[in-house]
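Colleague: coords please:
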Amino acid sequence: MENRSQRLALITKIIQNEDVDSQEKLLQILHSKGCSVTQATLSRDLKLLKIFKRFTNDGRYHYSLPNAPVAIPTAPKSPSSMDGFLSMEFSGNLLVIKTVPAFAQPISQLIDDANMPSIISTIAGNDTILVVIRNGFTGTNVAQDFAHYFPEIANKIK
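Modeller: Numbering: from 1, shown residues only. The predicted structure follows:
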């Protein structure tokens with residue numbers, strides 16, 4: 001590879017067109033394309049290009065370009081699917097639910113759509129959901145509601 005700008009263009013093209021999950025794999029691809037580069041230089045190039053690792057829907061990480069389109073998981077059609085749910089923990093009249101990254105909003109929507117009598121509303125981030133529990137309901141009541149409305153996560157409820 002003659003110069004830095006050509007190398008940066010090649011890195012960008014590889015990230016756009018191939019599933020790259022490590023610097024080692026990217027380094028191998030670059031070498032196979034005739035680009036002799038060290039790991040330290042590659043690391044600086046990735047930083048300069050603002051390339052980062054993104055969590056994919058298949059549960060893996062891969063390199064992505066900034067401003068690349070993000071595949072946002074959509075909420076399942078039925079409130080019986082809680083794919084991405086990891087755990088829940090109660091604190092007073094609040095409940096914190098942990099999810100796989102990017103699954104908090106679809107799961108939050110499922111909870112809201114279920115209209116559970118013990119839940120006022122939810123607020124979702126990327127991998128965390130804050131659930132506000134209605135006055136007069138306990139964590140036990142909420143856990144029972146979740147087990148009833150979403151039986152597939154009953155074994156994950158504390």
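
Colleague: what about the most centrally placed residue in the chain, is that helix, strand or coil?
Modeller: Taking Cα atoms, centre = their mean, the centroid of the chain lies closest to Pro101, which sits 2.3 Å from it. The three-state label given to Pro101 by DSSP: H, G, I helix; E, B strand; the rest coil is coil.

Colleague: Which pLDDT value goes with it?
Modeller: Pro101 is assigned a predicted lDDT (pLDDT) of 79.

Colleague: correct me, but it touches Gly125?
Modeller: No. Pro101 is not in contact with Gly125 according to Cβ atoms under 8 Å; the separation is 9.8 Å. Glycine gets a C-beta too; all of them are placed from N, C-alpha and C.

Colleague: Tell me which strands the helix or strand of the chain with the lowest mean pLDDT pairs with, and in which orientation.
Modeller: Within the chain, confidence by mean pLDDT, DSSP states H and E is lowest for strand 52-55 among all helices and strands, at a mean of 82. Strand partners for strand 52-55, identified by DSSP bridges, are recorded as strand 61-64 (antiparallel).

Colleague: give me the number of residues near the nearest residue to Glu152 once chain neighbours are set aside?
Modeller: In space, and not counting its chain neighbours, Glu152 is closest to Met82: 5.9 Å by Cβ to Cβ, 6 or more residues apart in numbering. Counted with other Cβ atoms under 10 Å, residues neighbouring Met82 total 22.

Colleague: can you check Leu86 too?
Modeller: 15.

Colleague: Okay, it and Thr41: tell me how far apart.
Modeller: 38 Å (Cβ to Cβ, to the nearest Å).

Colleague: Then Phe146?
Modeller: For Phe146, the distance to Thr41 - Cβ to Cβ - is 51 Å.

Colleague: So the two - more neighbours on which side?
Modeller: Neighbours per residue (other Cβ under 10 Å) separate Phe146 from Thr41, with Phe146 holding more: 25 against 14.
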